[in-house]
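[1] Next one to model:
(one chain, ligands or ions: 1)
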Amino acid sequence: HLVCCRALAGVITRAARKQLPRTSAAPMHSSDDGVGSSVPESRAAMEQRYLEKAEHFMGSHGDAQDGDDDDDYDDSYAEQEGRPYVPPASVSDGSKPCFATNIEKHFVVPARLQDKPYELIEAANDWHYAMMNDHPRNEFYKAALARVVKPDSVVLEIGAGSGLLSIIAASLGAQTVVAIEANHHLANVAREIIRRNGYEGKIHIINKMSTEVTPAELEPFGTPTVLLSEILGTLLLGESALHYVMDARQRLTTPDCAVVPLRGTQFATLVDSADIASITSVKDWQGIDLSWFNSLQDTTSMVFTKQYGFRFSSCSYTELAPRLPVLPIDFSSDQVGVWRGEKRTHLQVQKAGTIHAILASWEVYAIGDSTDKPLVMATHPDATLNNFPRDMQWGQGLQLIEDMACEGGSPVPFQVSAGEWLT
Ligand SMILES: C[S@@+](CC[C@H](N)C(=O)[O-])C[C@H]1O[C@@H](n2cnc3c(N)ncnc32)[C@H](O)[C@@H]1O
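    Take a look at the predicted model:
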């Protein structure tokens, strides 16, 4: 299962040292900063092709695409450039059978599952359990909501799921919570969990895509003063969070509504990892030369660690340069398309090694306390090390890297020395 996602990582080349700043910082430059002129023609052409592709992709809807193409995701999304991520079962036509009829006869299905919708069982087991059991995630949201929820707050949640975050908002004393959930099976589950926790008078579920909810529907509850969402993907904007938050902000909330999470940053890190190399390339075994097999190595697609089936946090790896912020997002003010894929970044390698991959991870922030320290939630491997559920539901993105300057039958490892500048 590989989905092409060049919008984040892309092509790394060695920079022409004399044209770069001498500082150890890694400044961001636009593509017209003159660096490109020192790049050999073939590589420049290759980069141009990449930039055009990224521009086309990002310009059409602004959000990066989530590479997770589990069956429960809209597989055709990759082909539908210009359209945001659509959550599973949000436009169900009822054709998906109930659980028992979708399972081969010789499997034993417990009675409690027989008539349940197949889509619901799939979504719950594929990601909702892990999500709900990411306790630091829940704590981040609880602390963030505690900072903004007041007795007169009207909270609007995009993507209620089980109802957990809406219940947290209600338990913190919000006047009313309106929770939008596109998946109609989950909307019913959320209603039941809300009822079982005694919040049915406080939390109202609307079973729609958030983009289809009108201000008139919210009128009975008051105009929302807090906008809450957890529609983050393995890539920060992989589930079109900015698209949906911006739409709700512009149409459904007060102009100065509190947004949770408030900001986020997508990071990229250059990693050297023999463990990654051991599952993505081959050398030899007992004198048998297998290296020609490397001509098949895919350095184009971004693959999610959960698709590989391992936790990156459990691998041995070395970061060859400081984690690089590539996409800062302000969910309270940014517009879709704020990042058009034209930024070119220079960074200096800190340790010699082989760049096996670019690791994609993110941070989101919420308003801090009186000391002004923002609350942070992250998917960096050091943040997921002791958080098995977070690795299983988000994990990280990995894009393999080869030295594109060395064209040939097999990929050439991208070896770097300390102090070398890359662009
Ligand atoms: C990652 S889950 C989060 C569930 C819950 N809020 C929690 O934190 O445990 C995202 C949920 O949002 C729903 N969703 C995503 N985008 C949506 C949208 N634009 N409108 C309505 N529901 C959406 C999905 O169906 C899914 O149930």
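[2] Give me the pLDDT for the residue of the chain positioned farthest from its centre.
    Most distant from the centre of the chain: residue 287, at 42.1 Å, with distances by Cα atoms, centre = their mean. Among the per-residue scores, residue 287 shows a pLDDT of 98.
[3] distance of it from the ligand?
    The gap separating residue 287 from the ligand is 50 Å, by Cβ to the nearest ligand atom, to the nearest Å. (C-beta placed from N, C-alpha, C; glycine too.)
[4] got it, and residue 232?
    Per Cβ to the nearest ligand atom, residue 232 is found 7 Å from the ligand.
[5] Correct me if wrong: that residue contacts residue 238.
    Yes: at 7.5 Å, residue 232 counts as touching residue 238 under the criterion of Cβ atoms under 8 Å.
[6] Look up phi and psi at the residue farthest from the centre of the chain.
    phi 80, psi 0 (degrees, to the nearest 10).
[7] List phi and psi for the residue nearest to residue 418 when sequence neighbours are not counted.
    Nearest non-adjacent residue to residue 418, counting by Cβ to Cβ, 6 or more residues apart in numbering: residue 352, 4.9 Å away. Per-residue torsions, residue 352: phi -70, psi 150 (degrees, to the nearest 10).
[8] show me the contacts for residue 352.
    Shown in contact with residue 352 (Cβ atoms under 8 Å, 6 or more residues apart in numbering): 320, 415, 416, 417, 418.
[9] same check, this time on residue 359
    Here residue 359 is in contact with 268, 269, 270, 271, 312, 317, 381, 396, 397, 398 (Cβ under 8 Å, 6+ apart).
[10] The first one: helix or strand, and which one exactly?
    When elements are defined using DSSP states H and E, residue 268 is found to belong to strand 263-272.
[11] Which elements pack onto the helix or strand just after that strand?
    Sequence-wise, the next helix or strand downstream of strand 263-272 (DSSP H and E) is helix 274-280. Helices and strands touching helix 274-280, by 3 or more Cβ pairs under 8 Å, 6 or more residues apart in numbering; DSSP states H and E, are strand 397-400.
[12] So residue 382 is in contact with residue 313, correct?
    Yes: assessed by Cβ under 8 Å, residue 382 is found in contact with residue 313 at 7.3 Å.
[13] Please say which of these two ends up with more neighbours.
    The neighbour comparison of residue 382 against residue 313 (other Cβ atoms under 10 Å) goes to residue 313, with 21 against 11.
[14] Doesn't that one belong to a strand?
    No: counting by DSSP: H, G, I helix; E, B strand; the rest coil, residue 313 is located in no strand; its state is helix.
[15] What residues does the chain have near the ligand?
    87, 131-132, 158-162, 164-165, 180-183, 186, 209-210, 230-231, 244 (Cβ under 6 Å from any ligand atom).
[16] who's in contact with stretch 392-401?
    By Cβ under 8 Å, 6+ apart, the surrounding residues in contact with stretch 392-401 are 5, 8-9, 12, 67, 127, 130-131, 134, 232-235, 270, 276, 280, 297-299, 301-306, 308, 311-312, 355-361, 379-381, 384, 414.
[17] And these, which of them are buried?
    5, 8-9, 12, 67, 127, 130-131, 134, 232-235, 270, 276, 280, 299, 301-306, 311-312, 355-361, 379-381, 384, 414 (16 or more other Cβ atoms under 10 Å).
[18] Please flag which of the residues you listed sit within helices.
    If you go by DSSP state H, the buried ones among the contacts of stretch 392-401 have 130, 131, 276, 280, 305, 306, 381, 384 in helices.
[19] Tell me which two of those sit farthest apart.
    Largest separation among those by Cβ to Cβ: 131 and 280, giving 27.9 Å.
[20] distance between stretch 224-231 and the chain's centre?
    18 Å (Cα atoms, centre = their mean, to the nearest Å).
[21] same thing with stretch 329-339?
    Its chain's C-alpha centre lies 15 Å from the corresponding centre of stretch 329-339 when counted by Cα atoms, centre = their mean.
[22] buried set for stretch 113-128?
    Buried residues in stretch 113-128, counted by 16+ other Cβ under 10 Å: 116, 117, 118, 119, 120, 121, 122, 123, 124, 126, 127, 128.
[23] Also stretch 219-237?
    Applying 16+ other Cβ under 10 Å to stretch 219-237 flags 221, 224-237 as buried.
[24] unless I'm mixing things up, residue 389 is touching residue 138, no?
    No: taking Cβ under 8 Å as the definition, residue 389 is not a contact partner of residue 138, at 10.3 Å.
[25] ok so, going back, which members of the residues of the chain next to the ligand occur in helices, if any?
    Per DSSP H, those map to helices at 131, 132, 164, 165, 186, 244.
[26] now for the residues you listed, which pair is the farthest apart?
    The widest separation within these (Cβ to Cβ) is 20.7 Å, between 132 and 244.
[27] So for the two, which residue has more residues nearby?
    residue 244 (26 against 17).
[28] quick revisit: how about the contacts of residue 352, which pair is most distant?
    Across the contacts of residue 352 (Cβ to Cβ), the longest gap, 11.6 Å, separates 415 and 418.
[29] Give me the secondary structure label for residue 325.
    strand.
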